[in-house]
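Colleague: Okay, predicted coordinates and the sequence, questions at the end:
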Number of protein chains: 2
Amino acid sequence: MKVKQFTTEELEARILAGDLVGLSKGITLIESSLQTDRLQAEALLNKLLPTTGKSIRIGITGVPGVGKSTFIEAFGSYLIKEHGKKVAVLAIDPSSQQTGGSILGDKTRMETLAANPNAFIRPSASGASLGGVANTTREALLLCEAAGYNITIIETVGVGQSETMVKNMTDLFLLLMLPGAGDELQGIKRGIMEMADILAINKADGNDTNKAKHAQAAYKNALHLFPPHAYGWQPQVTTCSALQNRGIEKLWQLTENYIHHMTLNGAIKALRSQQNEAWLMETLHTKLVEDFLAHPEIKRALPGIKTEVLAGKTIPASATKKLLNLILPTTH
Amino acid sequence: MKVKQFTTEELEARILAGDLVGLSKGITLIESSLQTDRLQAEALLNKLLPTTGKSIRIGITGVPGVGKSTFIEAFGSYLIKEHGKKVAVLAIDPSSQQTGGSILGDKTRMETLAANPNAFIRPSASGASLGGVANTTREALLLCEAAGYNITIIETVGVGQSETMVKNMTDLFLLLMLPGAGDELQGIKRGIMEMADILAINKADGNDTNKAKHAQAAYKNALHLFPPHAYGWQPQVTTCSALQNRGIEKLWQLTENYIHHMTLNGAIKALRSQQNEAWLMETLHTKLVEDFLAHPEIKRALPGIKTEVLAGKTIPASATKKLLNLILPTTH
């Protein structure tokens, strides 16, 4: 099927005007692995770069069943209605790489928010590697900012593969928890709780209202056991019911407090600068290894050298040297 | 200070004869970053490679205070005395890279075992990177095997940075736990428990004997919640008191059961083959990135390109391409 192609200038103009078709096409371009598409995507991104950076970047995670979709619907709708925000939601689903299926790709999710003209929802990018997904998600976030979205939400499943990635591309990391499930840590990987700037116990409604209160107290105590926050923020614990639309305003207040704190002491700037440097180095490492392994001489030599190592005839250090000497002879 | 240098042939002969001085010198050579030393180390390793692989490789971890040293003393001494084994212990301490200090470097640790002629104990290798430490530890393990040690123990602190590394270079992963501390998971990172082939609750003595029994039952239940073991083994939970020398024999039985299970179905061979392939690829990635970043043209260009990225003038993908084009122009 031949789809109408936009020039880089057309895409730039459409995205800057907040046009949804332009934004969608731009992200599709970013996600493409075709060489010509990549060139156009990079040209577009470099043009738009000066208009980016003006959103509050929020990472949201939590185990399946915690109610992330319902929460983002309630939170996003509230921000649009009460604060005149424009909300973009990008999803990362590490499982989609392995299984092909994706719990985040479900189009019936966040129906109300999806129908709102001030919201933009984009399901998970699929990619060969988690590193590739990280890069396209970061680039997609920049496009959303260029399109005028001032709240950008990156959503991921709390199962341990993509949280660090999301933490490294957002200003605020929000962890959703279930009421009263502290006993089991709910399948959340241990390091994740320590990454949270705000922890919200969702589904604090009905019979679980009290349970949620107890969980809140327990998590408040637990947070004191963690090493101090990198920028002097005291991570907060709150409760909410996305289903009943309660606690959403309070959560926004905490978000604003956090951003205020991080802006006052210059921390947001430092954090983003650090994130950009890490992004550069990650991209460099990933691409370097990819290009190296794709080099014809390496592709030809690697299987034989691998066999030698597996047969116990040579150690990896010597094998590596042989491979590097094939195309980087001057460096060692 | 000028130390007597051995030729590669001298080192080879001494190590094959089980000479402790030769083994120590060989490991020091492996740990050296001098280019001439590395060349000699690789020559030595490639010569010795056919004589390696005949030990049971055991990874041991647990939080500080769990009694790893006391346990290894008791376990190692038991294996030497009752089963005529030769035991080598290598330690990895990730904290020593950051703090300079090392809880594992303490020379008063494992005094009895250290004095035993059939034991060899080597403290943590220090290195620039965790990847470098992984490589030298693997190489040191091979030297120990060439020297005739048939039980090789790699010890690490259970704080989450080096366990995966140790898991990836051993046949059996033993996790030591404290009695009755399941409520807090004892600071062990969540993923670690899932890596254990055998879980031993140490300090099961005095007032804590019952606590340890309860912990054993609790962990047994918990292990059922994890995904199945890669090679069909059912991870075991046992109790011991290294201090009182109790439960050590039982633990050795479990170890033998595990090795029997893993040998019967060819799993050890598959596991080690997989580990060697991963070792090769890790070494290749690490060395490739190191060499690339050390290249004069990259060293000259990187700061300026980094500044452009941090100033929001170019995206990482474009910056990366510029850098790669400097020395790998043909590959993309």
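Modeller: Done, it's in.
Colleague: Would you mind giving the secondary structure of A:Tyr149?
Modeller: On the three-state scheme (DSSP: H, G, I helix; E, B strand; the rest coil), A:Tyr149 is labelled coil.
Colleague: can you pull the contacts of it?
Modeller: Going by Cβ atoms under 8 Å, 6 or more residues apart in numbering or on different chains, A:Tyr149 touches A:Ser55, A:Lys86, A:Val87, A:Ala88, A:Phe120. (Each C-beta comes from the backbone N, C-alpha and C, glycine too.)
Colleague: same question, A:Val21
Modeller: By Cβ under 8 Å, 6+ apart, the contact set of A:Val21 is A:Arg14.
Colleague: picking up where we left off before, and the contacts of A:Tyr149, which two are furthest apart?
Modeller: A:Ser55 and A:Phe120 (11.6 Å; Cβ to Cβ).
Colleague: In terms of neighbours, single out the busier of those two.
Modeller: A:Phe120 (25 against 21; other Cβ atoms under 10 Å in any protein chain shown).
Colleague: what helix or strand does the nearest residue to that one once chain neighbours are set aside sit in?
Modeller: Of all residues beyond its chain neighbours, the one nearest A:Phe120 is A:Ala88 (4.4 Å), with distances taken as Cβ to Cβ, 6 or more residues apart in numbering or on different chains. A:Ala88 is located in strand A:87-92, with elements delineated by DSSP states H and E.
Colleague: A:Ile60 belongs to a helix?
Modeller: No. Assigned with three-state DSSP, A:Ile60 falls outside any helix and is strand.
Colleague: Other residues contacting the helix or strand encompassing A:His214?
Modeller: In this structure, A:His214 sits in helix A:209-223 according to DSSP H and E. By Cβ under 8 Å, 6+ apart, the surrounding residues in contact with helix A:209-223 are A:177-182, A:193, A:199, A:201, A:203-204, A:235, A:237-239.
Colleague: Which pLDDT does the model give the residue nearest to A:Phe120?
Modeller: pLDDT for A:Ala88: 97.
Colleague: Just give the number of residues close to it.
Modeller: By the criterion of other Cβ under 10 Å, A:Ala88 has 26 neighbours.
Colleague: ok, of the contacts of A:Tyr149, which one's closest to chain B?
Modeller: Closest to chain B out of the contacts of A:Tyr149 is A:Ser55 (14.1 Å), distances taken as Cβ to the nearest Cβ.
Colleague: Find me whatever residue is spatially closest to the closest one, sequence neighbours aside.
Modeller: Leaving out its chain neighbours, the residue that sits closest to A:Ser55 by Cβ to Cβ, 6+ apart is A:Thr152, at 4.4 Å.
Colleague: picking that back up, the residue nearest to A:Phe120 and A:Asn116 touch, don't they?
Modeller: No. In this structure, A:Ala88 is not within contact of A:Asn116 by Cβ atoms under 8 Å, at 11.5 Å.
Colleague: and A:Leu199, that one's in a strand?
Modeller: Yes. Note on A:Leu199: a strand contains this position according to three-state DSSP.
Colleague: Run through the residues that contact it.
Modeller: Taking Cβ under 8 Å, 6+ apart, one finds A:Leu174, A:Leu175, A:Met177, A:Met193, A:Tyr219, A:Leu223, A:Pro235, A:Gln236, A:Val237, A:Thr238 in contact with A:Leu199.
Colleague: before we move on, the earlier item: and the residue nearest to A:Ser55, its phi and psi?
Modeller: Per-residue torsions, A:Thr152: phi -120, psi 130 (degrees, to the nearest 10).
Colleague: Name all residues that make contact with it.
Modeller: So A:Thr152 contacts A:Ser55, A:Ile56, A:Arg57, A:Ile58, A:Val87, A:Ala88, A:Val89, A:Leu90, A:Leu141, A:Cys144, A:Glu145 (Cβ under 8 Å, 6+ apart).
Colleague: next one: A:Leu23
Modeller: Counting by Cβ under 8 Å, 6+ apart, A:Leu23 has contacts A:Arg14, A:Ile15, A:Phe120, A:Leu143, A:Cys144, A:Ala147.
Colleague: Contact partners for the second one?
Modeller: Counting by Cβ under 8 Å, 6+ apart, A:Ile15 touches A:Gly22, A:Leu23, A:Gly26, A:Leu44, A:Leu48, A:Leu143, A:Ala146, A:Ala147.
Colleague: okay, now the domains of chain A?
Modeller: The record, using automatic domain parsing to delimit domains, assigns chain A the ranges A:1-50, A:52-265, A:280-327.
Colleague: Let me know the angle separating the longest helix along chain A from helix B:267-294.
Modeller: The longest helix of chain A (DSSP state H) is helix A:267-294. Calculated by axes from the mean of the first three to the mean of the last three Cα atoms, to 10 degrees, helix A:267-294 forms an angle of 110 degrees with helix B:267-294.
Colleague: after helix A:267-294, next one along is what?
Modeller: Taking DSSP H and E, what comes next after helix A:267-294 is helix A:296-310.
Colleague: what helices or strands is that next one leaning on?
Modeller: In this structure, helix A:296-310 makes packing contacts with helix A:267-294, helix A:316-327, helix B:267-294, judged by 3 or more Cβ pairs under 8 Å, 6 or more residues apart in numbering or on different chains; DSSP states H and E.
Colleague: residues near the closest residue to A:Thr314 other than its chain neighbours, how many?
Modeller: Setting aside the residues directly before and after it, A:Thr314 is nearest to A:Glu308 in space (Cβ to Cβ, 6+ apart), at 4.7 Å. Using other Cβ under 10 Å, A:Glu308 has 16 neighbouring residues.
Colleague: so A:Glu308 sits right up against A:Ser318, yeah?
Modeller: No. Checked against Cβ under 8 Å, the pair A:Glu308 and A:Ser318 is beyond contact range at 9.1 Å.
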